[in-house]
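Colleague: Turn this into a model:
(4 chains)
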4 protein chains.
Amino acid sequence: MARTHIYHYRIAFSDCDPAQIVFFANYFKWFDTASREFFTACGIPSWRDTREQRGIIGTPLVDAQASFKNSATYGEDIEIESWIEEWRGKSFVMKHIARREGKVLCEGREVRVFAMQDPDNALRIKALPIPEDIRAACE
Amino acid sequence: MARTHIYHYRIAFSDCDPAQIVFFANYFKWFDTASREFFTACGIPSWRDTREQRGIIGTPLVDAQASFKNSATYGEDIEIESWIEEWRGKSFVMKHIARREGKVLCEGREVRVFAMQDPDNALRIKALPIPEDIRAACE
Amino acid sequence: MARTHIYHYRIAFSDCDPAQIVFFANYFKWFDTASREFFTACGIPSWRDTREQRGIIGTPLVDAQASFKNSATYGEDIEIESWIEEWRGKSFVMKHIARREGKVLCEGREVRVFAMQDPDNALRIKALPIPEDIRAACE
Amino acid sequence: MARTHIYHYRIAFSDCDPAQIVFFANYFKWFDTASREFFTACGIPSWRDTREQRGIIGTPLVDAQASFKNSATYGEDIEIESWIEEWRGKSFVMKHIARREGKVLCEGREVRVFAMQDPDNALRIKALPIPEDIRAACE
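Modeller: Numbering: from 1, shown residues only, chains lettered A, B, ... in the order given. Next comes the predicted model:
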């Protein structure tokens, strides 16, 4: 069984759109935060520290997808459950499920890489092989 | 050939994250805006007006996906090309390609429905059959 | 002494800009959330409920101001202390102080009104006299 | 007469909140973008370039204030007029007025500094004396 982490969030008024419900792109933002909280729970230092220590600037996305099952609105408390579903050579697949009192609101899937700054161009990034110690800490 | 629309946007400083590049979830926001701009270009009235006239509150998402090919940063001008790839019974598939000077940055795919407010619950929405006149205007 | 409320928040990666620090406009967003959390702590129902029961749609801003004392970055936990500094005839003044481990990051001041929808124009709003029961609950 | 610049923007659906109007904090974001567009119109290079060439990382805010006069909603085109009202020793005051077809929606005032990274702490910033060449280019 993969290790999971739960991120808690209360939906704010400003997270919702004129249809009175969460503007969908916010789920992608929250999944990104939940992903970092997952790594923090596994003991992985801040990307600021990994950058300084070993050049890893974070885990940028190669692909993101979400399906929207039920709507939610402001004042509601949600939980996002996150885990790594698959480790590949240079990328990994992260899954997220957002729920409100057990009811699934949104399911997300991210393909991420560990990245360093491109030494030839500070505005570009390069994928690294999966760091084995980080993988071990997350399992 | 499907009808297409181009949405122009200059990336703002605040659209970018500490990695100096566009925070990925903003692409989903811009695709959403590009989707509405597509309908506007096809002559479809504001969702405020369609709501009043025929109960259509907009085109909420059932599924959204994007793949990130190249990074972009603030001050850069991008173009988002949008079109409807497929019409289904109760949903449709919208595609978006974001480019900077012809270079593909991000490709997106949305599954959307035309929705009305659920008559039994003002906080819930219901999918409608594709309105034939809107479909015709968009082709 | 005015009643106060503390709102807790952990700064996310996506809250920060390419200067590595919180994009300043997010403080205004968090102050808005902290303001609503203050009312919730005082027992005031959701604006959805007050709208239905008595037409109050919320407390829109007439003026907002913030001064930025120290920067903060992602992964840091902040506290926002909020209170109502002054009740006027048709408006009230809300103050917020954001701190990280006791250090002041940002101080904010909002002038808000209680509003209803303008009966002549659904897209416009009208200020109401301060509701005495809400004021009493917040003191 | 101070030099002015006009920034054009069409309000998106996702810029609006459940009250159907622009979420107020977005004005601060747009003023920030308008401020940078002002400098661009004056010929000032990207902060990326000034950082590399002379250590200036941008113009962070010391204070921001806005008053909200009239509401606006999605699909509406607004104009933001921006100018520098006052140059001080280490800071400057920028004013913004957002209008829709001539009607004032929001007036903003920002106090900004030119900043460099603190040489003792990469996460902190330091205000610089106003660079005379930039001031001259903006007048």
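Colleague: how far away is the residue of chain A most remote from its centre from A:Val93?
Modeller: Taking CA atoms, centre = their mean, the residue of chain A most remote from its mean C-alpha position is A:Asp120, at 27.8 Å. A:Asp120 sits 29 Å away from A:Val93, going by CB to CB, to the nearest Å. (Each C-beta comes from the backbone N, C-alpha and C, glycine too.)
Colleague: helices or strands next to the worst-scoring helix or strand of chain A on mean pLDDT in the packing?
Modeller: Every helix and strand in chain A was compared by mean pLDDT, DSSP states H and E; the lowest is strand A:121-128, with a mean of 82. Judged by 3 or more CB pairs under 8 Å, 6 or more residues apart in numbering or on different chains; DSSP states H and E, the packing partners of strand A:121-128 are strand A:114-118.
Colleague: Let me know the average pLDDT across the strand it packs on.
Modeller: Throughout strand A:114-118, pLDDT has a mean value of 90.
Colleague: Can you point out the buried residues in it?
Modeller: Buried residues in strand A:114-118, counting neighbours by 16 or more other CB atoms under 10 Å in any protein chain shown, are found at A:Phe114, A:Ala115, A:Met116, A:Gln117.
Colleague: Can you tell me the element A:Gln65 falls in?
Modeller: Using DSSP states H and E, A:Gln65 maps to strand A:61-68.
Colleague: Could you tell me the average pLDDT over that strand, please?
Modeller: pLDDT averaged over strand A:61-68 gives 97.
Colleague: Just confirm yes or no for it near chain B.
Modeller: Yes - using CB under 8 Å from any CB of the partner chain, strand A:61-68 reaches chain B at A:Leu61, A:Val62, A:Asp63, A:Ala64, A:Gln65, A:Ala66, A:Ser67, A:Phe68.
Colleague: The residue nearest to the fifth one when sequence neighbours are not counted and C:Thr4, how far apart?
Modeller: Excluding its sequence neighbours, the residue lying closest to A:Gln65 (CB to CB, 6 or more residues apart in numbering or on different chains) is B:Gln65, at 3.9 Å. Taking CB to CB as the measure, B:Gln65 falls 44 Å from C:Thr4.
Colleague: Likewise for A:Val111?
Modeller: Distance of A:Val111 to C:Thr4, given as CB to CB: 45 Å.
Colleague: Please apply the same query to A:Leu61.
Modeller: 40 Å.
Colleague: close to chain C, is the longest helix seen in chain A?
Modeller: Of all the segments of type helix in chain A, defined by DSSP state H, the longest one is helix A:25-41. Yes - residues of helix A:25-41 are located near chain C by CB under 8 Å from any CB, namely A:Lys29, A:Asp32, A:Thr33, A:Arg36, A:Thr40.
Colleague: out of the residues you listed, which are buried?
Modeller: Buried subset of the residues of helix A:25-41 next to chain C (neighbour count, 16+ other CB under 10 Å): A:Lys29, A:Asp32, A:Thr33, A:Arg36.
Colleague: Between those residues, which sits nearest chain D?
Modeller: Proximity of those to chain D was ranked by CB to the nearest CB; the top entry is A:Lys29 with 11.9 Å.
Colleague: what sits against the nearest residue to that closest one once chain neighbours are set aside?
Modeller: Nearest non-adjacent residue to A:Lys29, counting by CB to CB, 6+ apart: B:Ala25, 4.7 Å away. Applying CB atoms under 8 Å, 6 or more residues apart in numbering or on different chains, we find B:Ala25 in contact with A:Ala25, A:Asn26, A:Phe28, A:Lys29, A:Asp32, C:Ser14.
Colleague: Columns pLDDT on top of the residues you listed, output as CSV?
Modeller: Shown next, in CSV, are the contacts of B:Ala25 (pLDDT from 0 to 100):
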residue, pLDDT
A:Ala25, 98
A:Asn26, 98
A:Phe28, 98
A:Lys29, 98
A:Asp32, 98
C:Ser14, 96
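Colleague: Now the phi/psi pair for the residue nearest to A:Thr59 when sequence neighbours are not counted, please.
Modeller: Distances taken as CB to CB, 6+ apart place A:Arg112 nearest to A:Thr59, at 4.3 Å, with adjacent residues excluded. Main-chain torsions, A:Arg112, degrees, to the nearest 10: phi -120, psi 160.
Colleague: now swap in A:Phe13 and tell me
Modeller: With angles defined as degrees, to the nearest 10, A:Phe13 sits at phi -50, psi -40.
Colleague: How much space separates it from chain C?
Modeller: A:Phe13 is 6 Å from chain C, where distance means CB to the nearest CB, to the nearest Å.
Colleague: count of neighbours near that residue?
Modeller: Neighbourhood size, A:Phe13 [other CB atoms under 10 Å in any protein chain shown]: 20.
Colleague: Pull the contacting residues for it.
Modeller: Contacts of A:Phe13 (CB under 8 Å, 6+ apart): A:Tyr74, C:Asp32, C:Thr33, C:Arg36, C:Trp47, C:Gly58, D:Asp17, D:Pro18.
Colleague: Is A:Leu105 in a helix, a strand, or coil?
Modeller: strand (DSSP: H, G, I helix; E, B strand; the rest coil).
Colleague: Quick check, it in contact with A:Ile78.
Modeller: Yes - in this structure A:Leu105 lies within contact range of A:Ile78 using CB atoms under 8 Å: 6.5 Å.
Colleague: list the residues that contact both of the two?
Modeller: A:Ala72, A:Ala98, A:Arg99.
Colleague: From the chain's centre, how far out is the longest helix of chain A? Work that out for me.
Modeller: Averaging C-alpha positions (CA atoms, centre = their mean, to the nearest Å) puts helix A:25-41 4 Å from its chain's average.
Colleague: tell me which element the residue lying closest to A:Glu81 once chain neighbours are set aside falls in.
Modeller: Sequence neighbours aside, A:Ile97 is the residue nearest to A:Glu81 in space, at 4.9 Å (criterion: CB to CB, 6+ apart). Applying DSSP H and E as the criterion places A:Ile97 in strand A:92-100.
Colleague: pretty sure A:Ser82 contacts A:Thr4?
Modeller: Yes - in terms of CB under 8 Å, A:Ser82 counts as a neighbour of A:Thr4; the distance is 6.5 Å.
Colleague: A:Ala34 is in contact with A:Glu79, isn't it?
Modeller: No - A:Ala34 is beyond contact range of A:Glu79, at 9.6 Å (criterion: CB under 8 Å).
Colleague: Between those two, point out the one with more neighbours.
Modeller: A count of neighbours by other CB under 10 Å puts A:Ala34 above the other of A:Ala34 and A:Glu79, at 26 against 16.
Colleague: quick one: contacts for the more buried one?
Modeller: A:His5, A:Tyr7, A:Ile80, A:Ser82, A:His96.
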